[in-house]
Structure formats: structure tokens, C-alpha cells
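1. output the structure for:
(chains A and B)
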Amino acid sequence: MRLEAYPRAAERGVPWDRLRGVLSRVDLLLVVLLIMGVLTALQPEFFLTRENLTNVARQISSNAILALGQFVVVATAGIDLSVGSVMGLCMTVLALLVKAGWPAWASLPAAILLGAAVGAANGLALTRLHLPHPFIATLATLNVARGVTYLLSGGVPISGLTPEVRWLGSADLVLLEGTRFATALPVSFLVVVALYAVGTVFMRRTRTGRHIYAVGGSPRAAQYAGLPVGRLLVLVYVLCGTLAGVAGVLLAGRVNSAYPTAGLGAELDSIAAVIIGGASFFGGRGTPGGVFLGAVIMGLVRNGLNLMNVSVFWQQVLIGVIILLAVYVDVLRRRAAQAEL
Amino acid sequence: MSAPPWLVEMRGIEKRFGPVSALRSVDFAVRRGEVVGLVGDNGAGKSTLMKVLTGVYRPDAGEIWFDGRRVQFHSPQDSRRLGIEMVYQDLGLAENLDTVANLFLGREITRRVGPWRLLDERTMERHARDHLAGLRVELPSLRTPVEQLSGGQRQAVAIARATAFAAKLVIMDEPTASLAVTEAGKVLELIRRLKEQGVAVVLISHRLQDVLDVADRIVVLNRGRVAGVLDGRGARMEDVVALIVGGAA
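-> Residues are numbered from 1 along each chain as shown, chains lettered A, B, ... in the order given. You can find the predicted model right below:
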């Protein structure tokens, strides 16, 4: 505890704090590099190949997008359990619309808008029906959306989408074509990067993003400041549902099918990425960049274990251990910061 | 008749909660740039009176005049628009945000960047720095989350936040209650500085010595009534205490 009330060095504090903010991101980046190093050493002929890395980028797309939406909700100290079901519902509806002859320019936005609508229902259930915790509203939606998905699809996959609809999820964009640096990047990964770029600007550089952090950090402070807390809460669930719709569209494109079990358990993966990425369940903490790295870490671990032929059951165990470690490291870091005072 | 010296005049304020009369015909007034101590036992009606003044509660009877005009507040936003700010006992800061973000929370400055309107951090930080310098508040950094500041520093940030936008009256609820002696002293200094700048202050406090130190007048509430009004200079602790506990036996 400091005795002097207002220590000096008001000016010099700023760059150091920025540096510390960057550093906490850097340790996630180090983890990513460490995992990549280990995998390169263990699987030299497979891991660092263009095909494999492209594959990883494609595989993490859906979870990364779900995690971005989940993060915006978690930033308000909320949770959205329905994202996996909403993703599945949007896929099925997309496939049905395509089968009904809707063109891509109509069916894709329609499927994504459906996600937004379900998100709005979540937000309104929380703010208007005054359900005690978003856990409950979104748990209800998880079941409703999954049930409707089974009803609409009759419980069977709907396969064979048009190439235009699949483009977002399956196409590659070739950069620097014709040169020896030509690289094929999955369109879905570019969508992820674009969404995270917009998400970062939104959360860190706009009034609304600032207010979302404030609601999560202290609902009372937000209320005292006259922020539209109810509207902000509805907004975050709408954003989360919309992104679940986008994730569904990408996954449908990648697998060329809408299967009724799509996204089963995906809400837990998205939550895991958010937590590994440094966000706090108590709200108001974390950044989109950190969450992105959280999703990348999960993708790399899965990929590496696949390459080494480790069973998916062990993969699940390992993901659990990583969640525990990530949160424990955060606890240690916060305790260190407290001790500094 | 609202003669100009009064910034705020509350007349005959009544407030009932069911069968309980929280305020009974209370008159309360504050001059421009005056520091008024508002004291009384728990349940005497201090917080209720201030919640009526800030628009959290609507009075069952009585009038509120501000700046020579009759006003009716339906929400804290209404009173804030006229320059009445409240510093709550829990400070009402977003602990996860930095000082600049807290000072401007809900009133952020933005600039246009293409189709976006983005936070103008540089301008907000400059204004924050100037404002804090004007109050002679020094902080280790304007960019650390306020949860990393000391109790006194956080109190200073909350007061700075309340006065950042042309406040005419700042109500402080127990600003020194949880502070060490040196830090409490800094807060009292801050109150004097606000007074110098022409800002009126209502100080709700159980620490009577603090009130005696800075208040121009002391209003004592006792079970929903005004038990007495004392001149801050020359008021003695015993007199204040007698009014606070008067009739309790």
C-alpha cells in the first residue's frame, strides 16, 4: 500500500501501461509460436506444409467467428449458450432455401438475418422478461433452435449446395498469382480476419464498444452514467446471433451440407476460446485479438493431435487442461498486479 | 420567489414510502459556491432528500427551484442536464476502464474517420489532463484501469468526473468514509478547490470533523425533519451531535 496519495510520473505512466497491455497479448502469441514450434519438430514433413496450414485456417474459421460473438456477450458479463444451435439452424435454413431455388444473394443474408433474429430474442428475453441470468434465456434458445433444426430437416442432412453459396466457406483466394510467392488463402479465413479487424475497431475505438466494456465492468457505473444498458444488452446478443449465422454459412459451405447435428457443443468451444484468449466471465475484460489467438491455439492443438493420430477423446482432455491453465495463469498475473500495488 | 443567491431551494419536501414518512416538510437550500454539510443519523432522510434533488425519487409534495426556476426532475439525467452531479458512495466508476474513459463515460468525444465515428482518445486525454490539473489531482497514470488506483485517488477521479462538465452543484455521499486520514484530507482540499471555482457542494458525512472543517453551513436532519441549521464557522461538535440525537431518548 502506498502512503503518498498522488505519486508523480503522471506522464511517464502511459507508454509503460501500453507496453504491459501488449505484453499480456504477447504471452498468448508466444504460446501460439511455441505450439507451432513443437508441432514442426514433431511432424516436420506435415505440419508446416501449405496444405496443412490452409486446412487449420479453414477449420478454425467457424469457432473463431462464434468466439468473437461470444466474446462481445461475455464482455457484458453475459453468456450465450445458444450459438451452436443457432449455427446449426442457420445452416439448415440456408440449405432449405437453396433447395427451394433461392439464389445465393438472397439465401445467404436470410440465413444470417435469422441468426440476428434469434439473438434479438435472447436479448429481449433477458431485458424485457427479466429472466434472472442470460444462462437461462440462451439455454432455452439452445433447445428451441436445435429442436426446430431437427423438425425442419427431418433429422437428415441436406447436401448439395450451389457453388455460389459454398464460395465463402470453401473457396481459396490466390494471392500474388503467377509469382513464386503465390499463396492460396481460404476465403473463410479472410472473412475471419476481416470480422476480427472490424470487431477490434468496434470494441476498442467506438462509443458503443466502450459502453459494452463499461456495462460488463460495472453495471451500476453504466447506469449512473446514463448509458442505455438494456439496449446495449440486446445489441450484444444480436451481434452474437448474427455471427453464429455467419459461422453457420461458412461451415455449410465448407462441408457442402447442412446436417442437423452441426454445431452440437460448439457453444462450449467458443466459450473455451474466449477464456483461453484472456476474457473474464465477470465481464469488462479481454480483447478481440486475444480471443482470436485463443481460437488459433485451440485449432493448432486439435490439428497437431490429429497429425499425431491422438484420439479425439484425448484431444478433449487436453483442451480441458488448457482452459484450466489459461485461467490459472490469468489468476497468477492478476495476483502479481495486485501485489505491485 | 427565488431570490438569486440560492442556487437550489427545496421547499416543503414530503416523501412517504408506504406508511413511513421519510421526509416531512423539509426545507433545504444551497447558495452558489457554498459548501453545505448534510448530517444526521442513519435513516434521518439525508439520502432520500438528495435522491429527490437528483430526480431518483419524485417528492409527494413540495417544490424544487434551481437557478431561479421551478424544476421537476423525472430522472438523474434531468438534474444532470442542469448541472447537478452526484458522487455516490460506491463512486460509480467502471473499475475496468481507465481514468480518461471514466471521466468521459457516456459523454465521449468522437471524431469522424471515413464512415466511422471513433473515440478521440487524444482530445479526451488532453481535456482530462487539464481538468485534473485544475483540481490539482495527480495520478500515477491516466491510462491504468481505475481499480489499480488507491481509494483516495479513485475518490478524486469520481469527483473529477462529476465536475468535468460544467457542474454547478456536486453532491457527495460519504466521500471520506473509507479513506485513510491523509487521503481524506486530500478530498477535503478538493472540496475547497471546487468552492473556489464557484461549484456548490453538498457533503453528506458521518465524519463530523470533516464537515466542520469545510462546511459553510450545516443542515441537521432528524427523523425526516430539519432539526437545525448551523453556521459552519464556530459550530461546535457538541451542538451538532445534540441536534443529530435530539429527541431520540
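2. where exactly do the strands run in the stretch 51-200 of chain A?
-> Along the stretch 51-200 of chain A, counting by DSSP state E, counting those that start in this stretch, strands occupy A:158-159, A:172-175, A:183-186.
3. among those strands, which is nearest chain B?
-> strand A:172-175 (24.1 Å; CB to the nearest CB). No exception for glycine: its C-beta is placed from N, CA and C like everyone else's.
4. strand partners (parallel or antiparallel) of the closest one?
-> strand A:183-186 (antiparallel) (DSSP bridges).
5. show me the contacts for A:Pro219.
-> Taking CB atoms under 8 Å, 6 or more residues apart in numbering or on different chains, we find A:Pro219 in contact with A:77, A:229.
6. okay, it: pLDDT?
-> With respect to pLDDT, A:Pro219 scores 92.
7. avg pLDDT for the strand or helix carrying B:Val187?
-> According to DSSP states H and E, B:Val187 maps onto helix B:181-196. Mean pLDDT, helix B:181-196: 91.
8. what does stretch B:221-235 give?
-> 90.
9. one step back: what about dumping the CA coordinates of the following helix or strand past the helix holding B:Val187 to CSV?
-> The element immediately downstream of helix B:181-196 (helix or strand, assigned by DSSP H and E) is strand B:200-204. What follows is strand B:200-204, C-alpha atoms only, in CSV (Å, rounded to 0.1, in the frame of the first residue of the first chain):
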residue,chain,number,x,y,z
ALA,B,200,-21.5,24.4,-4.7
VAL,B,201,-21.1,21.2,-2.7
VAL,B,202,-23.4,19.2,-0.5
LEU,B,203,-21.4,17.0,1.7
ILE,B,204,-23.1,14.0,3.3
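10. other SSEs contacting strand B:200-204?
-> Applying 3 or more CB pairs under 8 Å, 6 or more residues apart in numbering or on different chains; DSSP states H and E, one finds that strand B:200-204 makes contact with strand B:20-31, strand B:35-40, helix B:46-54, strand B:169-173, helix B:181-196, helix B:208-214.
11. what's the closest of the ones you listed to A:Arg220?
-> Evaluated with CB to CB, those place strand B:169-173 nearest to A:Arg220, the distance being 13.3 Å.
12. neighbours of A:Asp330, just the number please.
-> Counted with other CB atoms under 10 Å in any protein chain shown, the neighbours of A:Asp330 add up to 18.
13. now B:Val181
-> What B:Val181 shows, counting by other CB under 10 Å, is a neighbour count of 7.
14. same deal with the one 5 residues further on?
-> Applying the criterion other CB under 10 Å, we find 20 residues in the vicinity of B:Lys186.
15. please name whichever of the helices and strands packed on strand B:200-204 is nearest to chain A.
-> Of all the helices and strands packed on strand B:200-204, helix B:181-196 comes closest under CB to the nearest CB, at 5.0 Å.
16. and the closest one, what's buried?
-> The neighbour-count check on helix B:181-196 (16 or more other CB atoms under 10 Å in any protein chain shown) flags B:183-188, B:190-191, B:193-195 as buried.
17. packing partners of it?
-> strand B:35-40, helix B:151-163, strand B:200-204, helix B:208-214.
18. which residues does A:Gln223 contact?
-> A:Val229.
19. check what pLDDT it gets.
-> Here, the pLDDT recorded for A:Gln223 equals 89.
20. which element is it on?
-> For A:Gln223, the host element (DSSP H and E) is helix A:219-224.
21. next one: phi and psi at A:Leu307?
-> Backbone geometry at A:Leu307, expressed as degrees, to the nearest 10, gives phi -60, psi -30.
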